[in-house]
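Asks: make a model of this:
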Amino acid sequence: MDCINIGEGQKNSVTLDRLIRDLDMEVIYLAEGVEDVKISASELNRPGLQLAGHFKNFAYERIQIIGTIEWHYTNNLSKDARGYMLKKMFSYDIPALVVSRNLPIFPELLELAKEYNRTLLRTELATTKYINILINYLDYVLAPEIAIHGVLVEVYGMGILIIGKSGIGKSETALELIKRGHRLVADDSVAIKRIDRALKGEAPAVIRHFMEVRGIGILNVERLYGVGAVKDSEFIDLVIELERWDEEREYERLGLDEECVEILGVQVPRLVIPVLPGRNLAMIIEVAARNTRQKGLGYNAAEELDGMVRKRIEQRRGADRPIGD
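Replies: Purely as a prediction, here's the structure:
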């Protein structure tokens, strides 16, 4: 399978103050310079071993979470032992410490947060549930990201990224697809994130649901066609590249030689569709979406036809052999 690479992207980080706002967390103490504290990994740490005195390989660069088990263990320590363990933990440059289940804040925690300028937070959620929410949030905001010039539409439940040179007809094709009942995700600029081993695309917030059509101008697709004509995001299942018809080029006619495009390290099937006056590109893209889904389910029309032709050739060869051979 031939595969071209069109984007490596960049790794992201999120500031602690944004994380606090996005997750609507209770602030017990907000450290100075919290807007400069950057989180660049989605791993978390429950400091049970540290509260027991084991600080070797302490992952202090992660957000620290004290759940029910850690809280009760700490609460059963003598005041001196509790103060010593917490002081040693706060001496490390931890980004923040979160107490779950609305558990009471030890006086030592608040004093040390102020002394070492560490952010102290609390949530009413159970520890496991909060960890799941936080990890999912960090996985998304920290995911590698890239912006690609193109149009992203949902066709028959599949995310199709349409790329090609300016003026080739990407937006017009997307508009025809919208008229056929499909949905627009992004026009002109598509922000793509890698989520695990999949690619999720969306429009930048400022141009979401807007489309530019040469000769008409800017359109608000949601206002023109209703909320059912747009979608905020979609996973990318197929990349279709539109290019002007080149008589010198040999275009794929059978579909046996599959191509792909690699974006952020993820390979996605790719089709090149030549643009020629009179070709119904919207209909072709609908067929491409259906055919790609069939391939995903294990059926390939080109392979079936190839197999039938090969079988017929073998049968004829067998019939042409002299008797006794």
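
Asks: show me what the helix or strand where residue 199 lies packs onto, helices and strands only.
Replies: If you go by DSSP states H and E, residue 199 is part of strand 198-202. Secondary-structure packing of strand 198-202 (3 or more Cβ pairs under 8 Å, 6 or more residues apart in numbering; DSSP states H and E): strand 183-195, strand 233-244, strand 266-275. (C-beta placed from N, C-alpha, C; glycine too.)

Asks: off-centre distance for that strand?
Replies: 4 Å (Cα atoms, centre = their mean, to the nearest Å).

Asks: for the helices and strands packed on strand 198-202, which one ends up most surrounded?
Replies: For those, the largest average neighbour count (mean count of other Cβ atoms under 10 Å) is found in strand 183-195, namely a mean of 22.

Asks: next one: the residue lying closest to residue 233 once chain neighbours are set aside from residue 183, what distance?
Replies: Leaving aside its chain neighbours, residue 233 sits nearest to residue 202 (3.9 Å; criterion: Cβ to Cβ, 6 or more residues apart in numbering). Distance of residue 202 to residue 183, given as Cβ to Cβ, to the nearest Å: 13 Å.

Asks: hang on, the earlier thing: could you list the buried residues of the strand holding residue 199?
Replies: 199, 200, 201, 202 (16 or more other Cβ atoms under 10 Å).

Asks: my read: residue 218 touches residue 207, true?
Replies: No: using Cβ atoms under 8 Å, residue 218 is not in contact with residue 207; the gap is 9.1 Å.

Asks: among these two, which residue is more densely surrounded?
Replies: More neighbours surround residue 207 than the other of residue 218 and residue 207, with 14 against 10 (other Cβ atoms under 10 Å).

Asks: isn't the residue nearest to residue 233 right up against residue 187?
Replies: No: counting by Cβ under 8 Å, residue 202 stays clear of residue 187, with 11.7 Å between them.

Asks: and the helices in the stretch 1-150 of the chain, which stretches?
Replies: 16-22, 48-51, 68-76, 79-90, 107-116, 127-141 (DSSP state H, counting those that start in this stretch).
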